[in-house]
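**Q** heads up, no residue letters with this:
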């Protein structure tokens, strides 16, 4: 019986489609939602599920309850389905760069704060110089990039964490940027030290769940400063908007300030008292998969960020940047 069942599964040409439909049903717990997610009709989704159950010779879904619930056999099938679908995606990733057009499909993750600046030149570089036909871009935080790389959902990321604990990556430095003191343009009080500032304005900061938020907290501890958690956010535009309205001050790098200056928020920049606080932006890719593309993207990102920061923030912004080899 087991041999017949295995043969039946392996001979089914629609097995992958059926597994994709089943995984979507397991995720949404509704055939209708799964069909909508996959862009097929409800009847087609139901037919795929029925075919998989026939091939497995087992009921995979309990249809008597709402939302749908997987049976014990369904839970086992789902674990295998996820492994099979992941393996197929790994195969697609490995084969993506073979053939006459070596990089026809590319998935890129990048920091949300620099996405607007880098997207147009990135599109031009990848399509015109490397023949990329299908380009997918994800904007997020460095924590998102780790998941994208580990799950092989991105081929390359432009991020603020080099992920040295991950093997098999090549790393290309873009730039290092110092944190700056960011004040409301209307603020006229003391600013010689962060301690003086904290007596007059609260610190608007990134949430402690973000990389920038954790780095800021570590810097404050080194300075033995206690800054009450008054306002926290997970996007630089939210932080700078609060500062522009006079609700506090913040500590950010030039690349995190680009969107605020493009939107002409009334902000003042100063070198950070007690310097020595910086972060680096790096291009990461799986080693040897993309040829010279990662290094060329790093060079493009460096030039684009330097130009935009100089244009928006002048000498204070440019002075906060250090380039590889400098």
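**A** Everything's here; your move. These figures come from a predicted structure and were not determined experimentally.

**Q** Please spell out which residues along stretch 181-195 are buried.
**A** In terms of neighbour count (16 or more other C-beta atoms under 10 Å), stretch 181-195 has its buried residues at 181, 182, 183, 184, 187, 191, 194. C-beta coordinates here come from the backbone N, C-alpha and C atoms, glycine included.

**Q** what's the strand or helix carrying residue 43 packed up against?
**A** Counting by DSSP states H and E, the secondary-structure element that holds residue 43 is helix 42-56. Using 3 or more C-beta pairs under 8 Å, 6 or more residues apart in numbering; DSSP states H and E as the contact definition, the elements that helix 42-56 packs against are helix 2-11, helix 15-28, helix 31-38, helix 72-95.

**Q** Kindly reformat those as TSV containing mean pLDDT.
**A** Converted to TSV, these look like this (pLDDT from 0 to 100):
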stretch	mean pLDDT
helix 2-11	50
helix 15-28	89
helix 31-38	87
helix 72-95	81
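
**Q** how many other residues sit next to residue 244?
**A** 19 (other C-beta atoms under 10 Å).

**Q** Isn't it up against residue 268?
**A** No - contact between residue 244 and residue 268 fails when scored by C-beta atoms under 8 Å: they sit 10.1 Å apart.

**Q** Name the residues contacting each of the two.
**A** When contacts are counted by C-beta atoms under 8 Å, 6 or more residues apart in numbering, residue 244 and residue 268 have 184, 185 as shared neighbours.

**Q** partners of the helix or strand following the helix holding residue 43 in the sheet?
**A** Past helix 42-56, further along toward the C-terminus, the next helix or strand under DSSP H and E is strand 61-62. Within its sheet, and counting by DSSP bridges, strand 61-62 is paired with strand 69-70 (antiparallel).

**Q** Look at the closest residue in space to residue 153 that isn't next to it in sequence and give its secondary structure.
**A** Distances taken as C-beta to C-beta, 6 or more residues apart in numbering put residue 107 closest to residue 153, at 6.6 Å, once the chain neighbours are dropped. Assigned with DSSP: H, G, I helix; E, B strand; the rest coil, residue 107 falls in the strand class.
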